[in-house]
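Engineer: A predicted structure for the sequence below; I have some questions about it.
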Amino acid sequence: MAIELFRKDDHVCLMFAKLSDEDGEAVQSNQFLIVNKGTGCIIDPGGNLAYNELYLGMSQHFPPHKLAAILASHADPDIIASLDRWMTATSATVYISRIWERFAPHFCKPGKTVGRIVGIPDPGQRLRLGEGSASFDLIALPAHFLHSEGNFQFYDPVSRILFSGDLGASIGADMNPEQTITDLGPHLRRMEGFHRRYMVSNKIMRLWAGMVRQLDIRMIVPQHGAPMAGPAIKDFIDWAENLQCGIDLMGSAQYQIPE
Ligand SMILES: [Fe+2]
Ligand SMILES: [Fe+2]
């Protein structure tokens, strides 16, 4: 079942949250479908575990050939390992960081991606997706090193949702992705370990915070775990800005030859 994050007129944002295998071997991940006047895009389609339900969910809104775009925040397996199947089932264009553009075809059979991958340049860009009166805009925001070297977040100006990729992820047995977080405090223990290890440095966190404070954000929705809204948005940005993480915490103690 999809979780409806936003609906107004012909614009709908859906989150698919329970598509991983049931024995918990794979980390819980979210996939997103934006529907706009009979067309749409998928953000971070996920691995093969996610494919069937996301494909069926999409087909309830428009036929597969109407899918305008597949947006990938970066090139991890939980982001685009299902790419081969999406390339076969749809004619959508894939948008991914220019530095991963030539790596993504390794997820596919030879020739499948020819002419269908658009590399997003490092500064990011405004994307117009779909055709004619059904077209809609998204902003690809630079979010490099959060955590991937070539990484984008996607902001939807209609819903005012920031799809934040791995940044903002929450993980753990008591985490319910269907429950939007408004009080960040009790939620931080599901985020802290992940961010300290996966995010690259406090310098990058500060640069990101300075950028996103300029946006009017109604919801921050990560690729793992629960969406954040209300006071949790400002609190999360403040928390991220002050977090020591990644190389900040690394020293010679972490670089010893194992006994
Ligand atoms: Fe990742
Ligand atoms: Fe991830």
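Structural biologist: It's in. Ligands and ions are numbered 1, 2, ... in the order given.
Engineer: Could you use CA atoms for every contact and neighbour count after this?
Structural biologist: Fine.
Engineer: Now do the strands in the chain.
Structural biologist: All strands of the chain, identified by DSSP state E, fall at 3-8, 11-16, 31-36, 39-43, 67-71, 93-97, 117-120, 125-129, 136-142, 152-156, 161-165, 219-222, 228-229.
Engineer: Return the residues in contact with the nearest residue to residue 182 once chain neighbours are set aside.
Structural biologist: Counting by CA to CA, 6 or more residues apart in numbering, residue 232 is the residue found nearest to residue 182 once chain neighbours are left out, at 4.8 Å. With contact set as CA atoms under 8 Å, 6 or more residues apart in numbering, residue 232 has these partners: 181-184.
Engineer: close enough to count as contact, residue 100 and residue 72?
Structural biologist: No - Residue 100 is beyond contact range of residue 72, at 9.9 Å (criterion: CA atoms under 8 Å).
Engineer: between those two, who's got more neighbours?
Structural biologist: Neighbour totals were compared for residue 100 and residue 72, and residue 72 leads with 26 against 19 (other CA atoms under 10 Å).
Engineer: lowest average confidence, helix or strand, in the protein?
Structural biologist: Least confident element among the helices and strands of the chain, by mean pLDDT, DSSP states H and E: helix 48-59 (a mean of 93).
Engineer: Buried residues of it, list them for me.
Structural biologist: For helix 48-59, the neighbour count (16 or more other CA atoms under 10 Å) marks 48-51, 54-55, 57-58 as buried.
Engineer: Need the per-residue pLDDT for the residue nearest the centre of the chain.
Structural biologist: With distances taken as CA atoms, centre = their mean, residue 165 lies nearest the centre of the chain, 3.1 Å away. At residue 165 the predicted local confidence, pLDDT, stands at 98.
Engineer: beta partners of it?
Structural biologist: Beta-bridge pairing for residue 165 (DSSP bridges): residue 222.
Engineer: Begin at 23, not 1, for the rest of this chat.
Structural biologist: Sure, I'll start numbering at 23, so the last one becomes residue 187.
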